[in-house]
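Engineer: give me a 3D structure for the following:
(2 chains)
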There are 2 protein chains.
Amino acid sequence: MSEPRIVEVRRKILKENDRLARSLRERFRQAGVVVISLVSSPGAGKTTLLERLLSELRSDYRVAALVGDLATENDAARLARSGAPVKQITTGTVCHLDASMVERALADWSLDTLDFLFIENVGNLVCPSSFDLGEDLRLVLVSTPEGEDKPLKYPTIFNTADLAIITKLDLAAATRVDLRVLGENIAAVRPGIRILQLSSETGEGMTELKETLVSWRENRAAHAA
Amino acid sequence: MSEPRIVEVRRKILKENDRLARSLRERFRQAGVVVISLVSSPGAGKTTLLERLLSELRSDYRVAALVGDLATENDAARLARSGAPVKQITTGTVCHLDASMVERALADWSLDTLDFLFIENVGNLVCPSSFDLGEDLRLVLVSTPEGEDKPLKYPTIFNTADLAIITKLDLAAATRVDLRVLGENIAAVRPGIRILQLSSETGEGMTELKETLVSWRENRAAHAA
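Structural biologist: Numbering: from 1, shown residues only, chains lettered A, B, ... in the order given. Below is the predicted model of the structure:
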């Protein structure tokens, strides 16, 4: 298998994905649903954060979630406890979601009954970066135990994100992470990106995240009107 | 791009990799070097563990390391502080090492001057699983902050490992991880695998890991003799 052949196949796959993602984005816009995806390493706290977000947003907004994993339906079961509609996408051996998986998962959902749709990607700091899912906002999470250097070592995933969230703030002292350096490294690969710090465990920083997402939704609605 | 076409391309890539990995394994055997690879999520502690292992083994053995990352030479610089020969492999956007990258990195090294060669893979719980690097032992690391469910959600990487290591034991209390459940989940996807627990921070469990690797080397030498 020659190198150019692989590159060519990859290029075609991405092109098809981009086309489908654009049509999804247009459907989301027409339905008035804001779509937010979450990417991170395995274990950075996507599901725990989403559990909390779904519960807190649910009193004022109509929220739902898709959640990707190679195997198990555990995360969907966890998220469904919030009372929000949740669907699991199992990818088998594929290390990321793609637009066609999202489209299939949404086939029997009415998008216009939703205000926010969250998409939790497979835990991976590499593969999800190139695959547009039609989302409006991509959130990249990095947890304090992962250390300061991850943005420099996995630049593409940080490059393609719209908001960076430092999670597990309650473990910052125990892990002796330097939050200033971590923030600088995120800014180095993605200059100007907004960075929030939070702990889904203690709730610290959750209000700021919620307000950020809500005000983003309001701004978009104002522009659309 | 049709699904069967992608599967076909992937099959050919893996087949070529397997062929090359077999020839590497034979070269390693003839040179008498034991080759140990490390796989895990980003931030699970591969580099820190390797730093410690290289320093501790170096008094009695000739050790060296290859270290894979998408970008930066930081890890090679960190590991080189041990005094052992270290080479960085940067993969660009590729989410795993493959046998040809290992072969190229070793081109100017004399394998028969080594007792142990460590290969640190790109931080990823999905992509590295299918790519044989010719290693004798594959170590999968999972850190306490990642939670108990990772083996169930990423079964293939645990399935293809020879030894499982639970890292960051010093954070077990703060993260409230249930080590018994984590161990059971590893055993569920890879029955019979040996599981070690350690902290590169405090040194707890390091002696047991070192002894395991050394005795594995001695057993192999005895069989080869």
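Engineer: distance of A:Ile89 from A:Thr48?
Structural biologist: 19 Å (CB to CB, to the nearest Å). Every residue, glycine included, has its C-beta placed from N, CA and C.
Engineer: where does the prediction get shaky in chain A?
Structural biologist: A:1-4, A:225 (pLDDT under 70).
Engineer: quick one: the helices in it?
Structural biologist: Taking DSSP state H, the helices of chain A run over residues A:3-31, A:46-57, A:74-80, A:99-105, A:150-153, A:155-159, A:172-175, A:179-189, A:206-224.
Engineer: more crowded one of A:Ile89 and A:Thr48?
Structural biologist: A:Ile89 (21 against 17; other CB atoms under 10 Å in any protein chain shown).
Engineer: neighbours of the spatially closest residue to the more buried one that is not a sequence neighbour, how many?
Structural biologist: Excluding its sequence neighbours, the residue lying closest to A:Ile89 (CB to CB, 6 or more residues apart in numbering or on different chains) is A:Gly68, at 4.7 Å. Using other CB under 10 Å, A:Gly68 has 28 neighbouring residues.
Engineer: now swap in A:Val63 and tell me
Structural biologist: With other CB under 10 Å as criterion, A:Val63 counts 25.
Engineer: equivalent analysis for the one 10 residues further on, please.
Structural biologist: By the other CB under 10 Å criterion, the neighbourhood of A:Glu73 contains 15 residues.
Engineer: quick check: it touching A:Gln88?
Structural biologist: Yes: between A:Glu73 and A:Gln88 there is a contact under CB atoms under 8 Å: 4.6 Å.
Engineer: ok, back up a step: got CSV for the helices of chain A, with distance to B:Asp162 too?
Structural biologist: Output for these, formatted as CSV (distance: least, CB to CB, whole Å):
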stretch, distance to B:Asp162
helix A:3-31, 29
helix A:46-57, 29
helix A:74-80, 26
helix A:99-105, 32
helix A:150-153, 26
helix A:155-159, 29
helix A:172-175, 28
helix A:179-189, 33
helix A:206-224, 41
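Engineer: before we move on, back to that, and the residue nearest to A:Ile89, how far is that from chain B?
Structural biologist: Separation of A:Gly68 from chain B (CB to the nearest CB, to the nearest Å): 10 Å.
Engineer: try A:Met101
Structural biologist: Applying CB to the nearest CB to A:Met101 and chain B gives a distance of 12 Å.
Engineer: quick one: that residue and A:Gly68 touch, right?
Structural biologist: Yes: counting by CB under 8 Å, A:Met101 does reach A:Gly68; the two are 7.3 Å apart.
Engineer: give the contact list for A:Ser199.
Structural biologist: Contacts for A:Ser199 (CB atoms under 8 Å, 6 or more residues apart in numbering or on different chains) come out as A:167-170, A:205.
Engineer: for it, what are phi and psi?
Structural biologist: Phi and psi for A:Ser199, reported as degrees, to the nearest 10, are phi -130, psi 120.
Engineer: before we move on, the earlier item: mutual contacts of A:Met101 and A:Gly68, please.
Structural biologist: A:89, A:91.
Engineer: the helices of chain A: which one's closest to A:Leu196?
Structural biologist: Ranking these by proximity to A:Leu196 (CB to CB) places helix A:206-224 first, at 5.5 Å.
Engineer: convert that closest one to PDB, retaining C-alpha atoms only.
Structural biologist: The C-alpha coordinates for helix A:206-224 follow below in PDB (Å, rounded to 0.1, in the frame of the first residue of the first chain):
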ATOM      1  CA  MET A 206     -20.300  25.300  35.900                       C
ATOM      2  CA  THR A 207     -22.300  28.500  36.000                       C
ATOM      3  CA  GLU A 208     -19.800  30.200  33.800                       C
ATOM      4  CA  LEU A 209     -19.900  27.400  31.300                       C
ATOM      5  CA  LYS A 210     -23.700  27.300  31.300                       C
ATOM      6  CA  GLU A 211     -23.900  31.100  30.900                       C
ATOM      7  CA  THR A 212     -21.400  30.900  28.000                       C
ATOM      8  CA  LEU A 213     -23.500  28.300  26.100                       C
ATOM      9  CA  VAL A 214     -26.800  30.100  26.800                       C
ATOM     10  CA  SER A 215     -25.400  33.500  25.700                       C
ATOM     11  CA  TRP A 216     -23.900  32.000  22.600                       C
ATOM     12  CA  ARG A 217     -27.400  30.600  21.800                       C
ATOM     13  CA  GLU A 218     -29.000  34.000  22.300                       C
ATOM     14  CA  ASN A 219     -26.400  35.700  20.100                       C
ATOM     15  CA  ARG A 220     -27.000  33.300  17.400                       C
ATOM     16  CA  ALA A 221     -30.800  33.600  17.600                       C
ATOM     17  CA  ALA A 222     -30.500  37.500  17.500                       C
ATOM     18  CA  HIS A 223     -28.300  37.200  14.300                       C
ATOM     19  CA  ALA A 224     -30.800  34.800  12.700                       C
END
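Engineer: okay, buried residues for it please.
Structural biologist: A:206, A:209-210, A:212-214, A:216-217 (16 or more other CB atoms under 10 Å in any protein chain shown).
Engineer: likewise for stretch A:68-78?
Structural biologist: Buried residues in stretch A:68-78 (16+ other CB under 10 Å): A:68-70, A:75-76, A:78.
Engineer: noted, bye for now.
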